[in-house]
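Engineer: sequence below, structure please.
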Amino acid sequence: RVKYTTLMFSFVLLILSLTIGILTITSIRSASNGLNQLGQEALTTVQGSMMNSIAALNDEIVKKLKSDLKLLENELNSGDELSLDGNTTNIGGITVPVMKKGSQAIHTNTDLVDDITDSTGSKYTIFQLIDNKLLRISTSVIKKDGNRATGTYINSDSPVYRTVMSGQTFYGKAYVVDDWYLTAYAPLYDSRKNIIGATFVGSVMLNDTVKELISSTKMGPGYFFAYGEKGEYLIHPQHGPDKNIFDSVPTFREHTGGLIKYTSSDGTKKVAAIDFYDKWDIWIGIGMSEEQIIGGVDKKMRNQAIIVGLIVLLIGACFTLVLVRLINGRVKTLADTAAKVGDGDYRVKFDIASNDALGSLSSSLNEMVSSSNDMLSEINSSSESLASAATELAAISDKLVSNADETTTVANQSAINANNVSTNMD
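Structural biologist: Modelled structure (predicted):
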């Protein structure tokens, strides 16, 4: 009993709503996937840039270490020669011959290493070879307790010891006293070219410059972090070396580099780009949550899509209403004309001249009315002929009746005459 126009209007609105909804959902999903992909590529690019920066920084540090090492060697080799005195001294509980430069004992004079440290910013140490050890006898390396790190030594199984004793210079990462350094160790010779010790120059690997570079570089809310081979945090905005990344994110333990998706300890889904820098033996990465990568664009798109969808739906509803009224008007015209035909007026015309079903229906109805009109005309003509014939038959019938009356009168007269003749004969 629902009007067909109402059904048409509702059906069109339903189609519009479904179309807009499907397009909106599809667009948001596609955009989210695209943004995720772009975000992950950006993470990889930024992380790669950081690795290049660290590599360039390492190259600059190595160049500086070579220059600083040369400076110390020049200081030691210029002027008075180095020699081992016949006297002995105790350094760190070890009795050693006194190493002198001219008449000045090296272990009692820290001005040499301190002055160069002040001018270059690097740390310096002079080692003395004793009992297959390299003993620190003079250094600008200060321990956490504020004392100089003299009396400590490098064992013979160290790659530093083996390199120096082979007459070569060692470059690389080394643990010095209580921190990791980027270092250079070179053999130290006496006047007879015998190795009597070694010189050291080093810079703290994760110094303030490196920490500032890694900590201050961000991608939106994403931040860089670094951790060691055992998972200890080296640089992180929230955690220190007492925390281990493998405990909070076990998947990092087996990660070999590149992008990794994981769930943090608070349940947040994240993506990180991580790579290993082998010269420092540290992992450097940058991470963001998936929501941060999208940056709320999906919500903005959803809100915009809802607004645009409502506008399109409203416009569609208006066009649909106009269309329904147009169709309804044509159908009503057909219905009104058909009503006139039903009342017996066959002179009317169905005036829907469109190239569609209504136009075809209008033409068919016109043909039907025309045929019906022709048929009625023939029926009227036949009726008039029948009426004329009936009149003629009535006239003939009246004449026949009159003739019958006359015949009856003649017959009656004949009967009377017959009776009279009979009477006369009697």
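Engineer: hmm, residue 72 is touching residue 116, no?
Structural biologist: Yes: in this structure, residue 72 is within contact of residue 116 by Cβ atoms under 8 Å, at 5.9 Å. Every residue, glycine included, has its C-beta placed from N, CA and C.
Engineer: the two - which one has more neighbours?
Structural biologist: residue 72 (24 against 19; other Cβ atoms under 10 Å).
Engineer: so the more buried one, which state does it fall into?
Structural biologist: helix (DSSP: H, G, I helix; E, B strand; the rest coil).
Engineer: so what's it closest to, chain neighbours aside?
Structural biologist: residue 199 (5.3 Å; Cβ to Cβ, 6 or more residues apart in numbering).
Engineer: which residues of the stretch 151-300 of the chain score low on pLDDT?
Structural biologist: For the stretch 151-300 of the chain, the stretches with pLDDT under 70 are 294-300.
Engineer: mind listing the strands for it?
Structural biologist: Remark: strands assigned in the stretch 151-300 of the chain by DSSP state E, counting those that start in this stretch are 153-154, 170-176, 179-189, 195-204, 218-219, 222-228, 233-235, 258-263, 269-277, 282-289.
Engineer: pairing partners for the second one, with directions?
Structural biologist: Right, the one you point to is strand 170-176. Partner strands for strand 170-176, per DSSP bridges, with pairing direction: strand 179-189 (antiparallel).
Engineer: and the contacts of the strand it pairs with?
Structural biologist: 58, 61-62, 65-66, 68-69, 73, 76, 82, 123, 126-127, 160, 163-165, 167-176, 195-206, 280 (Cβ atoms under 8 Å, 6 or more residues apart in numbering).
Engineer: only the buried subset of those residues, as a PyMOL command please.
Structural biologist: To isolate the buried subset of the contacts of strand 179-189 in PyMOL, counting by 16 or more other Cβ atoms under 10 Å, use the following:
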select buried, resi 58+61+62+65+68+69+73+76+82+123+126+127+160+163+164+170+171+172+173+174+176+196+197+198+199+200+201+202+203+204+205+206+280
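Engineer: burial count for residue 396?
Structural biologist: Residue 396 is flanked by 10 other residues according to other Cβ under 10 Å.
Engineer: how near is it to residue 390?
Structural biologist: Applying Cβ to Cβ, to the nearest Å, the value for residue 396 to residue 390 is 11 Å.
Engineer: quick revisit: what separation do you get for the residue nearest to residue 72 and residue 259?
Structural biologist: Residue 199 sits 44 Å away from residue 259, going by Cβ to Cβ.
Engineer: over to residue 123?
Structural biologist: 38 Å.
Engineer: pull stretch 319-339 out as PDB, backbone CA atoms only.
Structural biologist: The C-alpha coordinates for stretch 319-339 follow below in PDB (Å, rounded to 0.1, in the frame of the first residue of the first chain):
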ATOM      1  CA  PHE A 319      17.600  15.500  -7.300                       C
ATOM      2  CA  THR A 320      15.800  12.300  -6.500                       C
ATOM      3  CA  LEU A 321      12.800  14.300  -5.200                       C
ATOM      4  CA  VAL A 322      12.700  16.400  -8.500                       C
ATOM      5  CA  LEU A 323      13.000  13.200 -10.500                       C
ATOM      6  CA  VAL A 324      10.200  11.500  -8.600                       C
ATOM      7  CA  ARG A 325       8.000  14.500  -8.900                       C
ATOM      8  CA  LEU A 326       8.700  14.700 -12.700                       C
ATOM      9  CA  ILE A 327       7.900  11.000 -13.100                       C
ATOM     10  CA  ASN A 328       4.900  11.200 -10.800                       C
ATOM     11  CA  GLY A 329       3.600  14.300 -12.800                       C
ATOM     12  CA  ARG A 330       3.800  12.400 -16.100                       C
ATOM     13  CA  VAL A 331       2.100   9.300 -14.600                       C
ATOM     14  CA  LYS A 332      -0.600  11.500 -13.100                       C
ATOM     15  CA  THR A 333      -1.200  13.100 -16.500                       C
ATOM     16  CA  LEU A 334      -1.600   9.700 -18.000                       C
ATOM     17  CA  ALA A 335      -4.000   8.700 -15.200                       C
ATOM     18  CA  ASP A 336      -6.100  11.900 -15.600                       C
ATOM     19  CA  THR A 337      -6.400  11.400 -19.400                       C
ATOM     20  CA  ALA A 338      -7.300   7.700 -18.900                       C
ATOM     21  CA  ALA A 339     -10.000   8.800 -16.500                       C
END
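Engineer: quick one: mean pLDDT over it.
Structural biologist: Averaged over stretch 319-339, pLDDT sits at 73.
Engineer: now stretch 66-76
Structural biologist: On average, stretch 66-76 scores 91.
Engineer: for stretch 124-133, same thing?
Structural biologist: Averaging pLDDT residue by residue across stretch 124-133 gives 93.
Engineer: the helices in the stretch 251-400 of the chain, which residues?
Structural biologist: Using DSSP state H, counting those that start in this stretch, the helices found in the stretch 251-400 of the chain span residues 290-294, 297-342, 357-425.
Engineer: mind putting those helices in JSON lines, distance to residue 94 included?
Structural biologist: Converted to JSON lines, those look like this (distance: least, Cβ to Cβ, whole Å):
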{"stretch": "helix 290-294", "distance to residue 94": "56"}
{"stretch": "helix 297-342", "distance to residue 94": "67"}
{"stretch": "helix 357-425", "distance to residue 94": "111"}
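Engineer: and those helices, which is most packed in?
Structural biologist: The highest mean neighbour count among the helices of the stretch 251-400 of the chain, using mean count of other Cβ atoms under 10 Å, belongs to helix 290-294: a mean of 18.
Engineer: which other helices and strands does that helix contact?
Structural biologist: Contact partners of helix 290-294 among helices and strands, from 3 or more Cβ pairs under 8 Å, 6 or more residues apart in numbering; DSSP states H and E: helix 4-77, strand 269-277.
Engineer: need the contact partners of that helix.
Structural biologist: With contacts defined as Cβ under 8 Å, 6+ apart, helix 290-294 is touched by 32, 35-36, 39-40, 43, 220-222, 268-271.
Engineer: so residue 206 makes contact with residue 233?
Structural biologist: No: counting by Cβ under 8 Å, residue 206 stays clear of residue 233, with 11.4 Å between them.
Engineer: thanks a lot, catch you later.
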